[in-house]
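Asks: structure for this input, please:
(one chain, ligands or ions: 1)
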Amino acid sequence: MSREIARRDFLKAAAAGAAGLAAASVLGGAAAFAEDAPEAGKPFEGKKKFAGVGSVRMVTDDIVYVGVSDRRIELFENVYPIPRGVAYNSYVLLDEKTVLIDTVDRSVTGQFFENLTAALDGRALDYLVVNHMEPDHSSAISEVLVRYPNAQVVCTKAAAAILNQFFACDITDRAILVGEGDTLRVGRHTLSFVMAPMVHWPEVMMTFDTETGILFSADAFGSFGALNGNLFADEVDFEKDWLPDARRYYCNIVGKYGPQVQAVLKKAAGVPIQMLCPTHGPVWRRDLSWILEKYDLWSSYTPEEKAVMVVYGSVYGGTESAANALAAQLSRGGVADVAVYDVSKTHVSELIAEAFRCSHIVLASITYNMGIFTPMKNFLLDLEAHNLQNRAFAIVENGSWSPASGRLMREIVGRLTDCSIVGDTVTIRSSPGKGDSDALQQLADAVSASLLDAGEVLDAEKAPAAKKWICKVCGYVYEGDEVPEDYVCPICGAGKAAFEEG
Ligand code: FEO
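Replies: Okay, the predicted model is just below:
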């Protein structure tokens, strides 16, 4: 294990990678793809016949994909509908030593062990690298350790503790605990470990293979959606068929942790990454800058599009009618990208993803029990929980005798960082009448003008944004006015002195 070698690698790469995200693009395209360009004498060739059945794919000439897709699952994390299923990605590196990188969810262990057995082809397993302890990637670990009794587990100290919490699995006598910059040489390949706390749990790390330039990136760069034999993003029409699920995955699973993702992107900008191997969804070997730029937008809370999302909560159709009228007025005013959603009908994870995509959000809600319509309130609280920032909102309220939803929605918007209210709240009484048409038109005009950066944007009652303090040792982000004197980083144990304002 050499901390020095790894630091040198990253510093050297950082110096070479001053071009930032573009570096990944320039370097995009892996050095070797066994299926495309087999090399004689390598342990696997492109047309390798694997023992057993298995559903493996070659990632490079000596890295095998052994992950499994689940098409039976209805709700990811028992929350998010995934009609296209999901893939749990896992990889085997075959060098002088063999290395398994992450495992799979318990629902697919049968296929996983078929794949793993086929990939190892009779060899023992020497190392299991655990980048992320969430059970969708770790619930096969206990069985791996039983099947391969000599395998050592490479993970963070925090991961070892969580493994024991979830599965009563004490790995004390077979663990190699690693931190930022540690490396593990396994033959031709050297693995370097990059701490990525809160992307998406505190124990997360990524593993960089300095030989191939592959970053095994845990949840980062992942997507909902089962793999259908194809493994690489360039084997599918990613923008058309995968981007909505990739966005929905990122925003709902990792969206809250933008500063931590930004910290990892800064590290990635300085590293000669040639391939991204996430724990869900396709592998990226080409056009890396495209997905890195998406992540840069999402994690900095920058809208992807100048677009208007109109979300309405309606019981008897009056608020729905107002929302439709406003959408038509926006369109007549030249706004090309308008999307209208019934908050009761659209899953909140879709709404969260759209809110990350669109620059402007119109909220139209009835008053319900003297409050905000429950599904709308749920959506807004979920937006707040996911830390959405830097958006312009417009408000339409409805109340038959005592409208209150507008004021209450403004209060929640006021708590969001760098969010503003465009135009005046439009108040509907039961159903929109003639007079409301003018008010809605004025609101549409204000939103259109704001979209063109020409309108007057009225500041909402903003709560001051919390300061962010980044641990120089591991990248963990503490939010608050000051780091307390006795504060200890929950990831690496560093004290207050290690934190600098980010
Ligand atoms: Fe795919 Fe955070 O687990």
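
Asks: where does the closest residue to Ala322 other than its chain neighbours land on pLDDT?
Replies: Using CB to CB, 6 or more residues apart in numbering and skipping residues adjacent in sequence, the residue nearest Ala322 is Pro432, 4.6 Å away. Quick note: C-beta positions are derived from backbone N, CA and C, even for glycine. We have a pLDDT of 95 for Pro432.

Asks: now the most centrally placed residue in the chain, what's its secondary structure?
Replies: Nearest to the mean C-alpha position of the chain, counting by CA atoms, centre = their mean, stands Tyr250 at 2.8 Å. Secondary structure, DSSP: H, G, I helix; E, B strand; the rest coil: Tyr250 is helix.

Asks: do you know how far the residue nearest to it when sequence neighbours are not counted is from the ligand?
Replies: Leaving aside its sequence neighbours, Tyr250 sits nearest to Trp298 (CB to CB, 6+ apart; 5.4 Å). Note on Trp298: its distance to the ligand, by CB to the nearest ligand atom, to the nearest Å, is 16 Å.

Asks: I'd guessed Trp298 sits against Ala353; true?
Replies: No - when contacts are counted by CB atoms under 8 Å, Trp298 is not listed as touching Ala353 (9.6 Å).

Asks: intersection of neighbour lists for those two?
Replies: Applying CB atoms under 8 Å, 6 or more residues apart in numbering, one finds that Trp298 and Ala353 are jointly contacted by 247, 251.

Asks: okay, now the closest residue to the ligand within the stretch 351-500 of the chain: neighbour count?
Replies: Residue of the stretch 351-500 of the chain nearest the ligand, by CB to the nearest ligand atom: His386 (14.8 Å). Neighbour count of His386, defined by other CB atoms under 10 Å: 22.

Asks: mind checking the SS state of the nearest residue to it once chain neighbours are set aside?
Replies: Closest residue to His386 apart from its sequence neighbours, by CB to CB, 6+ apart: Gly255 at 4.3 Å. Assigned by three-state DSSP, the conformation of Gly255 is helix.

Asks: what sits against Gly255?
Replies: Applying CB under 8 Å, 6+ apart, the residues near Gly255 are 298, 352, 356, 386-388.

Asks: what about 7 Å?
Replies: 298, 352, 356, 386-387 (CB atoms under 7 Å, 6 or more residues apart in numbering).

Asks: give me the buried subset of the residues you listed.
Replies: 298, 352, 356, 386 (16 or more other CB atoms under 10 Å).

Asks: out of the residues you listed, which are inside helices?
Replies: 298, 352, 356 (DSSP state H).

Asks: you'd agree the last one is up against Ser299?
Replies: No - using CB atoms under 7 Å, Phe356 makes no contact with Ser299, being 9.9 Å away.

Asks: just the closest residue of the protein to the ligand, please.
Replies: Counting by CB to the nearest ligand atom, the chain gets nearest the ligand through Glu134, at 3.5 Å.

Asks: what's the spacing between that residue and Tyr316?
Replies: As for Glu134, its distance to Tyr316 is 43 Å (criterion: CB to CB, to the nearest Å).

Asks: could you do Leu292 as well?
Replies: Taking CB to CB as the measure, Leu292 falls 47 Å from Tyr316.
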